[in-house]
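>>> Give the three-dimensional model of this entry:
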Amino acid sequence: MPFRSIRAGHPSHHTELYVMAKSSTDPSDAADAEARRLKEWELGWRKYWADGGATTYELPAGSPIPHERDFLMHTRTPEHEESRLEHITAEFVRGFASLYDLGPAVTVFGSARFGEGHRYYDQAVKLGRELAKAGFAVITGGGPGIMEAANRGAREAGGISIGCNILLPHEQKPNAYLDRCIEFHYFFVRKVMLLKYSCAYVIMPGGLGTVDEMFEAATLIQTRKMGPFPVICFGAEFWHDLREFMLDLVKAGAVADDELDFLQTTDSPSEAVQLILSALPEPVRACLRGR
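Below is the predicted model:
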């Protein structure tokens, strides 16, 4: 390995030192690059959250705080809590009233960021179409991207297309392919609706919201609070590392092997529908539209 010289010491009195030059394949180079990448990532998200403005945390009533801080924060009061509870209850009532008469349905989860022309969008359109042809209503979060695509496929095939849209600061608008759209302020109320009225779930590629929804469904099925219903992870390559992580949980003893049996993976819209149909009991299949 070649040597290189460096100068050390005060500028008026340099000492010539010879050190071994690092190889371009030195593992420490890769480790340093990874450390820099992680540091940049950390600084990036710190800046992102620092730009978010005042916190919405509610201080308990009677907290000793300056008036300026009190102006930026709400204080918990019985009146505020009662008002919030009424709002939450109203959202549940609206959701139940809108969906109680829905027949067998499949909820499709996925990112709002994969728009028309993306391969995942195209696959979601095909999936929505196949689900509708099989007689299922298709439920999504009602927004753009994968949600729009699944609703679009269902609508184009003559099926029932449902959206449970969330009201966000950046105004997520309902997509144009919905027969019914129910809007929610609270994520947790919306999530109940996305899970309660379906007998299967397809997890298309997505981000934090999609992963959250997948694990919500998985936890409720694991704990036998609902189901057992099939959960189809669409996109073997996309979900590969997450599946490996779940297998690590099994190896660590945090999850039992048979508690993950309901999770399946496919890259085919038609296979996803067949996996769902084969998992449903006959009384449910008998309720499918057109059967």
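>>> from here on, contacts and neighbour counts on C-alpha atoms
Will do.
>>> Not counting its neighbours along the chain, what's nearest residue 172?
Take residue 172 and drop its neighbours on the chain: the residue closest to it by CA to CA, 6 or more residues apart in numbering is residue 143, 6.3 Å away.
>>> ok, now how distant is the residue nearest the centre of the chain from residue 39?
The centroid of the chain falls nearest to residue 210 when counting by CA atoms, centre = their mean (1.5 Å). As judged by CA to CA, to the nearest Å, residue 210 and residue 39 stand 26 Å apart.
>>> ok, which stretches of the chain are helices?
For the chain, the helices defined by DSSP state H cover 27-50, 67-72, 78-99, 119-133, 146-156, 187-196, 208-222, 240-251, 269-279, 282-285.
>>> which stretch among those helices comes nearest residue 177?
helix 146-156 (5.2 Å; CA to CA).
>>> which residues does the nearest residue to residue 228 once chain neighbours are set aside contact?
Nearest non-adjacent residue to residue 228, counting by CA to CA, 6+ apart: residue 221, 5.7 Å away. Going by CA atoms under 8 Å, 6 or more residues apart in numbering, residue 221 touches 227, 228, 229.
>>> Now for those residues, which sits with the most neighbours around it?
residue 229 (19 neighbours; other CA atoms under 10 Å).
>>> Of the helices of the chain, give the one that comes closest to residue 168.
Using CA to CA, those put helix 187-196 closest to residue 168, at 9.9 Å.
>>> Please work out the average pLDDT along the closest one.
In this model, helix 187-196 has a mean pLDDT of 96.
>>> Would you mind listing the buried residues in that helix?
Of the residues in helix 187-196, 189, 190, 191, 192, 193, 194, 195, 196 count as buried by neighbour count, 16 or more other CA atoms under 10 Å.
>>> From residue 187, how far off is residue 193?
According to CA to CA, residue 193 stands 10 Å off from residue 187.
>>> wait, which of the contacts of residue 221 is closest to residue 257?
residue 228 (15.4 Å).
>>> neighbours of residue 139, just the number please.
Using other CA under 10 Å, the number of residues around residue 139 comes to 30.
>>> That one against residue 164, yeah?
Yes. Assessed by CA atoms under 8 Å, residue 139 is found in contact with residue 164 at 7.5 Å.
>>> Can you check which residues contact both of those two?
Residues touching both residue 139 and residue 164 (CA under 8 Å, 6+ apart): residue 194.
>>> Contact partners for residue 232?
Contacts for residue 232 (CA under 8 Å, 6+ apart) come out as 201, 202, 203, 263, 264, 265, 266, 272.
>>> For it, give its distance to residue 139.
Counting by CA to CA, the gap from residue 232 to residue 139 is 15 Å.
>>> number of nearby residues for residue 178?
23.
>>> per-residue pLDDT, it?
For residue 178, the predicted pLDDT is 97.
>>> which strand residues sit across from the closest residue to it other than its chain neighbours in the sheet?
Using CA to CA, 6+ apart and skipping residues adjacent in sequence, the residue nearest residue 178 is residue 161, 5.1 Å away. Beta-bridge partners recorded for residue 161 (DSSP bridges): residue 138.
>>> Correct me if wrong: residue 161 contacts residue 151.
Yes. Judged on CA under 8 Å, residue 161 makes contact with residue 151 at a distance of 5.4 Å.
>>> between those two, what contacts are shared?
138, 139, 177, 178.
>>> Contact partners for the first one?
For residue 138, the contact set (CA under 8 Å, 6+ apart) comprises 105-108, 128, 131-132, 150-151, 154, 159-162.
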